[in-house]
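Peer 1: Fold the stuff below for me.
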Amino acid sequence: MNLSEEWVYPWQQSLWQRLWQQRANHRLPHALLLSGNPGLGKKHFARVVAKSVLCLERNEWACGRCRSCRWFSAGSHPDFLSVSEENSAAIIKVDAIRTLTEMLHLTPQCSTYRVAIIYPAGAMNRAATNALLKTLEEPAGQALLMLVQHQSSYLPATVVSRCQRMVLTHTDARMAEAWLKAQRSMGDAEGWLLKMAYQAPLLALQWAELGYRPLRNQVLMGLWQLRRREVSPLMLAKQWSVHDPVVLLQIVLTLGMDIVRVQCHLGVEWLIHSDCLVQLRAFSALITPQSVLSWLQQGQAVLRILHESVRIQWLLWLESWLLSWEKGATC
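Peer 2: Numbers count the residues shown, from 1 in each chain. The predicted structure is shown next:
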């Protein structure tokens with residue numbers, strides 16, 4: 001769902017109210033760090049804040065009608081700049097940050113503020129980070145800089161300490177299910193998708209639109225065939241490499257955790273893939289919990305890296321990872 005940039009998502013309301021109170025009391029920080037798990041709409045939240053701050057009506061929400069709002073929607077606002085990674089490389093270079101710094105120090109042309117967003121902030125290289133530090137140490141007047149990053153730990157402590165941190169957290173399950181149901185008719189799949197997405201509604205919606213269940217079944221079969229030596233790690237890695245790495249890893253990791261839950265004799269209510277209980281029980285007799293957990297740790301480490309837009313040799317790593325699954329200790 002492409003929500004209008006005049007409004008935040010329901011699960012962002014409390015964070016919005018907190019920020020609005022600061023604005024109303026003329027205590028808006030010069031730098032905000034927005035962090036939280038993928039699928040919660042951090043970048044959207046930052047753009048809603050930017051549009052509202054730049055709006056000429058100066059109310060809580062952007063009016064959507066004034067000259068400033070129209071320019072913002074058209075992507076041509078002279079007092080706004082959004083910096084992201086370059087297409088050819090997953091990094092933000094120093095020249096982009098220098099341009100941002102110069103813009104923030106200019107007198108606003110239309111609004112009372114100048115606003116900039118850096119997304120993902122962790123994509124800045126060392127030179128870009130050092131250039132940004134100078135801006136954070138000597139903030140411009142009437143300027144707001146927003147850094148958007150899944151995990152703040154990927155940023156230097158010197159950057160984090162100079163920003164006001166706002167963390168988007170997991171939403172209430174019932175609120176998330178209601179929102180997801182309003183976007184798309186899924187039968188009873190909302191709860192399952194939200195479990196897969198760790199209660200991140202936008203991620204759950206994305207997976208629903210991708211036709212997630214057939215891919216999950218394909219992955220489950222591949223893992224089974226690999227343990228039984230019916231397919232080679234190289235062949236399976238080649239088949240899987242055509243899929244989005246983040247989506248694929250999320251499927252594999254949640255399946256792996258369900259195998260461990262079955263091995264620990266947890267009830268079906270603890271399972272994400274409860275409709276695969278028979279297959280999960282079969283897996284639990286093929287490989288030790290210790291082997292599964294060790295294997296999952298490798299996958300989780302790479303998933304964190306991918307979430308921060310860091311590039312890896314995906315096919316090569318996938319081959320190695322699947323080889324570890326094939327060789328995992330048998331029960």
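Peer 1: For Ser82, list each beta-bridge partner.
Peer 2: Ile117 (DSSP bridges).
Peer 1: What is the least confident helix or strand in the chain?
Peer 2: Among the helical and strand segments of the chain, the one scoring lowest on mean pLDDT, DSSP states H and E is helix 190-196, with a mean of 78.
Peer 1: tell me the contacts of Gln225?
Peer 2: 231, 236 (Cβ atoms under 8 Å, 6 or more residues apart in numbering). The C-beta positions use only the backbone N, C-alpha and C, and glycine is treated the same way.
Peer 1: go again using 7 Å as the cut-off
Peer 2: Shown in contact with Gln225 (Cβ atoms under 7 Å, 6 or more residues apart in numbering): Val231.
Peer 1: cool, Leu34 as well?
Peer 2: Neighbour list for Leu34: 42, 45-46, 146, 148, 166, 168 [criterion: Cβ under 7 Å, 6+ apart].
Peer 1: Taking those residues, tell me the two that lie furthest apart.
Peer 2: Within these, two members stand farthest from each other by Cβ to Cβ: Met146 and Leu168, at 12.7 Å.
Peer 1: related to what we said a few turns ago, can I get the least confident helix or strand of the chain as PDB, trimmed to CA atoms?
Peer 2: The C-alpha coordinates for helix 190-196 follow below in PDB (Å, rounded to 0.1, in the frame of the first residue of the first chain):
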ATOM      1  CA  GLU A 190      -2.600 -12.600   7.800                       C
ATOM      2  CA  GLY A 191      -1.500 -14.200  11.100                       C
ATOM      3  CA  TRP A 192       0.900 -16.600   9.400                       C
ATOM      4  CA  LEU A 193       2.400 -13.900   7.200                       C
ATOM      5  CA  LEU A 194       2.900 -11.600  10.200                       C
ATOM      6  CA  LYS A 195       4.700 -14.300  12.100                       C
ATOM      7  CA  MET A 196       7.000 -14.800   9.100                       C
END
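Peer 1: Give me the residues contacting the helix or strand just after it.
Peer 2: Once helix 190-196 ends, the next helix or strand along the chain (criterion: DSSP states H and E) is helix 201-210. With contact meaning Cβ under 7 Å, 6+ apart, helix 201-210 is reached by 1, 38-41, 171, 176, 179-180, 183-184, 186, 189, 193-194, 196-197, 247.
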